[in-house]
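*Asks:* give me coordinates for this.
(one chain, ligands or ions: 1)
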Amino acid sequence: MENHASVKFLIVGRTGWIANMVAALLEQRGERYAFASFRLEQREACERELDELRPERVLNCAGVTGRPNVDWCEDHRRETVRSNVLGVLNLADCCAERGIHLTNFATGCLYHYDSGKHRPTAEGGFPFTEEDPPNFFGSYYSRTKAMVEELLRTAYENVLILRLRMPVSDDLSPRSFVTKITRYEKVVNIPNSMTVLTELLPVALDMSERGLTGVYNFTNPGSITHNQVLALYKKYIDPEFQWKNFTLEEQAQILKAGRSNCELDVSKLLRDNPGAKIREVHEAMEEVFRRMQAQGIRPQKAS
Ligand SMILES: NC(=O)c1ccc[n+]([C@@H]2O[C@H](COP(=O)([O-])OP(=O)(O)OC[C@H]3O[C@@H](n4cnc5c(N)ncnc54)[C@H](OP(=O)(O)O)[C@@H]3O)[C@@H](O)[C@H]2O)c1
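*Replies:* Residues are numbered from 1 along each chain as shown. Okay, here's the model as predicted:
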């Protein structure tokens, strides 16, 4: 990592899960990068650091996601808006004024299946494209993300918006979707789009380097169910593993906010990254578990 002036990449979100994976990739690539020290919403500090470090591109991996989960955002609305709306807009605006390209790690949790055109593809439906207006308003977190996306998309030509969903890493990080669902007492069983980070984070960096802008659904193609993921976990990591399902209605009883379930259309991502290795989600997930097994990753006790 570089500490002196003029870096190629500035990463916002120093302590975050995705930020640290992005930093590790930049390190591997031998790139000049630094972590930002400002808070997203601090305009003067943000301007000062952009002027001091003069990054060619900014990677925003910062945002409020809620701890232990997005239910937190329901009761902390101002804090959520401050980071996810005011903060992200502030960063985009400061970058735009300086002609700096910004990649925003965003979310695809803006949709949920309906009983019409957007029912699951296995039932004859169609995945959601970047042109489809959000239709999931069940959590305050998702609402702030939809609001900021609309503002970024319509006002800032310097911004690349990558819509991740249910990101999965090659380990049992508590942030990884796999780890989360292995720790729940009961899980729903619904097909969803997922982002296999080992495949897609390098693509994000390449898209940033190429200066692409606009909104991209940023997941592997296709959708995979919770049970299919857990069956892979059982096959590769923990043969003793058992799980129980429950319905969406039963799940709603134990959650404060709703959760998005949807499949995203990734035609645009594949069209604009023709050389990238982005596998169909079942294949990509099988590879994740093979890599975990090869690393000797064993089941963890919940912390
Ligand atoms: N993980 C997922 O399941 C998932 C799925 C889809 C999209 N995403 C999006 O991807 C992004 C990164 O996610 P993640 O999983 O890496 O999250 P994370 O581990 O919770 O990290 C978020 C980072 O953002 C920082 N942050 C929050 N508010 C900030 C502010 N106002 N100014 C500066 N830094 C701030 C946090 O720092 P402090 O702790 O110091 O506040 C932390 O370093 C988020 O925007 C998230 O919405 C994540």
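*Asks:* lowest-confidence helix or strand of this structure?
*Replies:* helix 248-254 (a mean of 89; mean pLDDT, DSSP states H and E).
*Asks:* enumerate every residue touching whichever residue of the stretch 151-300 of the chain sits closest to the ligand.
*Replies:* Closest residue of the stretch 151-300 of the chain to the ligand, C-beta to the nearest ligand atom: Leu164 (4.0 Å). Yep, even glycine has a C-beta here, placed from its N, CA and C like the rest. Contacts for Leu164 were tallied using C-beta atoms under 8 Å, 6 or more residues apart in numbering; they are Ile18, Phe105, Ala106, Thr107, Gly108, Thr195, Leu200, Phe218, Thr219.
*Asks:* which of those are buried?
*Replies:* The neighbour count (16 or more other C-beta atoms under 10 Å) marks Ile18, Phe105, Ala106, Thr107, Gly108, Thr195, Leu200, Phe218, Thr219 as buried among the contacts of Leu164.
*Asks:* so the third one sits against Lys145, correct?
*Replies:* I take that to be Ala106. Yes - counting by C-beta atoms under 8 Å, Ala106 does reach Lys145; the two are 6.2 Å apart.
*Asks:* what is the nearest of the contacts of Leu164 to Leu50?
*Replies:* Phe105 (18.4 Å; C-beta to C-beta).
*Asks:* the nearest residue to the closest one once chain neighbours are set aside and Ser267, how far apart?
*Replies:* Residue nearest to Phe105 in three dimensions, not counting chain neighbours: Cys61, with 4.9 Å by C-beta to C-beta, 6 or more residues apart in numbering. For Cys61, the distance to Ser267 equals 25 Å [C-beta to C-beta, to the nearest Å].
*Asks:* more neighbours: which of the two?
*Replies:* Cys61 (22 against 13; other C-beta atoms under 10 Å).
*Asks:* follow-up on the earlier one: out of the contacts of Leu164, which are close to the ligand?
*Replies:* Contacts with the ligand are made by Ile18, Phe105, Thr107 out of these, judged by C-beta under 6 Å from any ligand atom.
*Asks:* mind listing which of these are in helices?
*Replies:* Among the ones next to the ligand among the contacts of Leu164, DSSP state H puts Ile18 in helices.
*Asks:* how about the ones next to the ligand among the contacts of Leu164 in TSV, adding distance to Ser173?
*Replies:* Below are those laid out as TSV (distance: C-beta to C-beta, whole Å):
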residue	distance to Ser173
Ile18	10
Phe105	16
Thr107	18
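*Asks:* nearest to Gly30 among the ones next to the ligand among the contacts of Leu164?
*Replies:* Ile18 (20.5 Å).
*Asks:* now the helices for the chain?
*Replies:* Going by DSSP H, the chain shows helices at 17-28, 43-53, 71-75, 77-81, 88-98, 140-155, 177-183, 197-210, 226-236, 248-254, 267-272, 281-294.
*Asks:* which one of those lies closest to Gly124?
*Replies:* The nearest among the helices of the chain, by C-beta to C-beta, is helix 267-272 at 18.2 Å.
*Asks:* what comes up buried for that closest one?
*Replies:* Neighbour counts over helix 267-272 (16+ other C-beta under 10 Å) mark Leu269 as buried.
*Asks:* check stretch 205-213 too.
*Replies:* So, applying 16+ other C-beta under 10 Å, buried residues of stretch 205-213: Leu205, Met207, Ser208, Glu209, Leu212, Thr213.
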